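Colleague: Dropping the sequence and predicted coords here.
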Amino acid sequence: MTRNLICICCPRGCQLEVTLQDGQVTDVKGFSCKRGKDYAVSEVTAPVRMVTTTVRTEEGVSVPVKTAQPIPKDKIFACMEEIKAVRLHLPVQMGDVILENAAGTGIPVIAARSLGE
Amino acid sequence: MREFDLAVIGGGPAGMAAALAAKESGLERIVIFERDSVMGGILNQCIHNGFGLHTFQEELTGPEYAERYFRKVQEAGIPYETGTMVLDITPDRQITVISRERGVETVQAASVILAMGCRERPRGTLGIAGFRPQGIYTAGTAQRLLNIDGVLPGKEAVILGSGDIGLIMARRMTLEGAHVSAVFELMPYCNGLNRNVVQCLEDYNIPLHLSHTVVEIHGKDKLEGVTVAAVENGKPVPGSEEYFPCDILLLSCGLIPENELSRGCGIGINPLTNGPVVDDRLETNIEGVFACGNVLHIHDLVDYVSAEAAQAGRSAAAFVQGQRGDGGETHQIIPGDGVRYTVPCSFHRNSREDTHLRFRVRSIYRDATILISCGDQVIAKRKAPVLLPSEMQDITLKYPLLEQADADIIVRIEGVTA
Ligand code: SF4
């Protein structure tokens, strides 16, 4: 079985063709760099995405946040719910951990902007 | 009157990169004028990731990319004045600004870099019938409301236009609990990046309908819904109409460089880009006034903006320091078959620098060849499996190549249009 994908790892958007046999990736074509090959394997076995959103601080200012790494796709909405429940005060530094373990993935959510110094 | 070697108009990614490059090239008296209360420009509200792969070799969000540049500006000790709006630029580079602190003030600059960015195409330019109810926003306005002000501006959304901001907002609104019924695009191709179609629409099962547009807006005070129709040969197809209830319509129908100040200064505007006509030094027809970033032409990647802006900064420094030669003869760079525009529009034969030729194609091409010719000779050639109108092309013309170019250069595409 082959699956056609578009690589989302950079704006070039290479068209990838992944060959699968019994659920195992046997071949990847079309990538222009290693990131694309890795993406193809991950996308057909355990797809992941970055989550970016904002947290409203007690002071009423919105702070952009992101998962430090991509998390499993099916955990995105659970991660959003947990981020919504976070209570946060200014000041915030870029890189501050906002949530230790997003939706049980072991991946933290971090601030993407310094605000309120 | 305050005097500067360089005044940069706009503190977004273009303005910051331009100022930094000028400083590195030895200019001392630099100022950045920024209208907003903070530096960073539009990046502050672009909270999604995908920025910086070229510049920082890692994938950052917009605010992170902005903050990294802002720190460099601070470390370099480059003065910036926020809350300061430029009202006027004269051809002899006197700049009138207004701010709370200083009131109205005129300063003299030895050189000016235009880095004002762009605006979104508003509803008024789209020609959609119906009343003007509350609930119609440009995608960027909704993005600001949601990401900066923390307000979700609607619960049931339709998106018109497949620009990247619209696609990004489709995902963003969905994550915040709104329902996005579909994205409609007038053209037969998507205007946003493929990666955004995948990760913003397909991931959330949001359909993208090409060759479709909104033909009617319903609701008088408050938006109630839109009627959408298929489009053929620029006309709605009778019988194809479909009604979508919605309380928010997002418009992502293109960006327009913001050049009121440039026009006021007498700068020639290229009707193909809506940005200034510039040469290979990114200098406009007004000596000592340069342009870069989205005010010059619309970019799809901030990394390209930073690179272009750095070149403008170096050019401005060379001009002020009297270090640039006369550059020799100039020739035009002309968009040929399949090419919508080029930046720059002309080049100096002896500029002693490589020239980045940036352009966009008119339609989708497969198995294409980009051909750059001078007279009847092809001087550069590049093959591409696919060329998309939504992707800016960037080809570096090596300096020795241009030194030999004794006539206008034409850029054209050969290939199969899809
Ligand atoms: S394969 Fe590499 S070059 Fe191609 S889209 Fe993916 S990351 Fe970009």
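Modeller: Looks like it came in fine. Model, not experiment: these values are computed from the prediction.

Colleague: Now do B:Glu24 against chain A, distance only.
Modeller: Per C-beta to the nearest C-beta, to the nearest Å, B:Glu24 is found 24 Å from chain A. Glycine gets a C-beta too; all of them are placed from N, C-alpha and C.

Colleague: For whatever residue of the stretch 251-400 of chain B ends up closest to chain A, give me its contacts.
Modeller: In the stretch 251-400 of chain B, the residue that lies nearest chain A is B:Leu301 (5.7 Å; C-beta to the nearest C-beta). The contact partners of B:Leu301, taken as C-beta atoms under 8 Å, 6 or more residues apart in numbering or on different chains, are A:Pro11, B:His54, B:Met392.

Colleague: wait, doesn't B:Gly275 sit right on B:Gly293?
Modeller: No: counting by C-beta atoms under 8 Å, B:Gly275 stays clear of B:Gly293, with 9.3 Å between them.

Colleague: Comparing the two, which residue is more hemmed in?
Modeller: Counted by other C-beta atoms under 10 Å in any protein chain shown, B:Gly275 and B:Gly293 do not tie: B:Gly293 has more neighbours, with 31 against 27.

Colleague: where does the closest residue to the more buried one other than its chain neighbours fall, helix, sheet strand or coil?
Modeller: Residue nearest to B:Gly293 in three dimensions, not counting chain neighbours: B:Ala14, with 2.6 Å by C-beta to C-beta, 6 or more residues apart in numbering or on different chains. Here B:Ala14 takes the helix state, with states given by DSSP: H, G, I helix; E, B strand; the rest coil.

Colleague: partner residues bridging B:Ile256?
Modeller: B:Arg119 (DSSP bridges).

Colleague: For stretch B:41-49, measure first residue to last.
Modeller: In stretch B:41-49, first residue to last residue: 16 Å (C-alpha to C-alpha, to the nearest Å).

Colleague: which outside residues touch that stretch?
Modeller: Contact partners of stretch B:41-49, identified using C-beta under 8 Å, 6+ apart, comprise A:50, A:52-54, A:64, A:66, A:112-113, B:10-15, B:34, B:38, B:51, B:59-63, B:65-66, B:117, B:140, B:143-144, B:147-148, B:168, B:171-172, B:302.

Colleague: Who are the packing partners of whichever helix in chain A runs longest?
Modeller: Assignment by DSSP state H gives helix A:34-45 as the longest helix of chain A. If contacts are counted by 3 or more C-beta pairs under 8 Å, 6 or more residues apart in numbering or on different chains; DSSP states H and E, helix A:34-45 sits against strand A:2-6, strand A:15-21, strand A:24-29.

Colleague: Minimum distance to chain B: which of these has it?
Modeller: Checking the helices and strands packed on helix A:34-45 against chain B by C-beta to the nearest C-beta gives strand A:2-6 as the closest, at 4.8 Å.

Colleague: was I right about B:Ala309 contacting B:Gly15?
Modeller: Yes: the criterion here is C-beta under 8 Å, and B:Ala309 meets it with B:Gly15 at 7.2 Å.

Colleague: Can you name the element that comes right after the helix or strand encompassing B:Leu371?
Modeller: Element membership of B:Leu371 [criterion: DSSP states H and E] is strand B:365-374. For strand B:365-374, the following helix or strand on the C-terminal side (DSSP H and E) is strand B:377-387.

Colleague: So is that next one next to the ligand?
Modeller: No: using C-beta under 6 Å from any ligand atom, strand B:377-387 stays clear of the ligand, with a minimum separation of 11.6 Å.

Colleague: Direction included, what does that strand pair against?
Modeller: If you go by DSSP bridges, strand B:377-387 pairs up with strand B:365-374 (antiparallel).

Colleague: The strand it pairs with: how far from the chain's middle?
Modeller: Relative to the mean C-alpha coordinate of its chain, strand B:365-374 is positioned 24 Å out (C-alpha atoms, centre = their mean, to the nearest Å).

Colleague: where does A:Ile81 fall, phi/psi-wise?
Modeller: Actually, residue A:81 is Glu rather than Ile. Main-chain torsions, A:Glu81, degrees, to the nearest 10: phi -60, psi -50.

Colleague: Would you list the buried entries among the contacts of stretch B:41-49?
Modeller: Neighbour counting with 16 or more other C-beta atoms under 10 Å in any protein chain shown marks A:50, A:52-54, A:64, A:66, A:112-113, B:10-15, B:34, B:51, B:59-63, B:65-66, B:117, B:140, B:143-144, B:147, B:168, B:171-172, B:302 as buried within the contacts of stretch B:41-49.

Colleague: coming back round to it: which of the contacts of B:Leu301 count as buried?
Modeller: Members of the contacts of B:Leu301 classed as buried by 16+ other C-beta under 10 Å are A:Pro11, B:Met392.

Colleague: contacting residues for the residue nearest the centre of chain A?
Modeller: The centre of chain A sits closest to A:Met50, judged by C-alpha atoms, centre = their mean, with a distance of 1.4 Å. By C-beta under 8 Å, 6+ apart, the contact list for A:Met50 reads A:Lys66, A:Thr67, A:Gln69, A:Pro70, A:Ile71, B:Asn49, B:Glu59.

Colleague: domain parsing for chain B?
Modeller: Structural domains assigned to chain B are B:1-120+B:254-324, B:122-253, B:327-418, following automatic domain parsing.

Colleague: Lowest mean pLDDT across these, which one is that?
Modeller: With a mean of 91, domain B:327-418 has the lowest mean pLDDT of those.

Colleague: I'd like to know how many residues surround residue 35.
Modeller: Going with chain A. With other C-beta under 10 Å as criterion, A:Arg35 counts 15.

Colleague: ah, I was thinking of chain B
Modeller: Neighbour tally, B:Arg35, other C-beta under 10 Å: 18.

Colleague: got it, and the one 5 residues further on?
Modeller: The number of residues packed near B:Gly40 is 23, by other C-beta under 10 Å.

Colleague: What sits closest to it if chain neighbours are left out?
Modeller: Distances taken as C-beta to C-beta, 6+ apart place B:Ala66 nearest to B:Gly40, at 3.4 Å, with adjacent residues excluded.

Colleague: Quickly find the element holding the one you found.
Modeller: For B:Ala66, the host element (DSSP H and E) is helix B:62-75.
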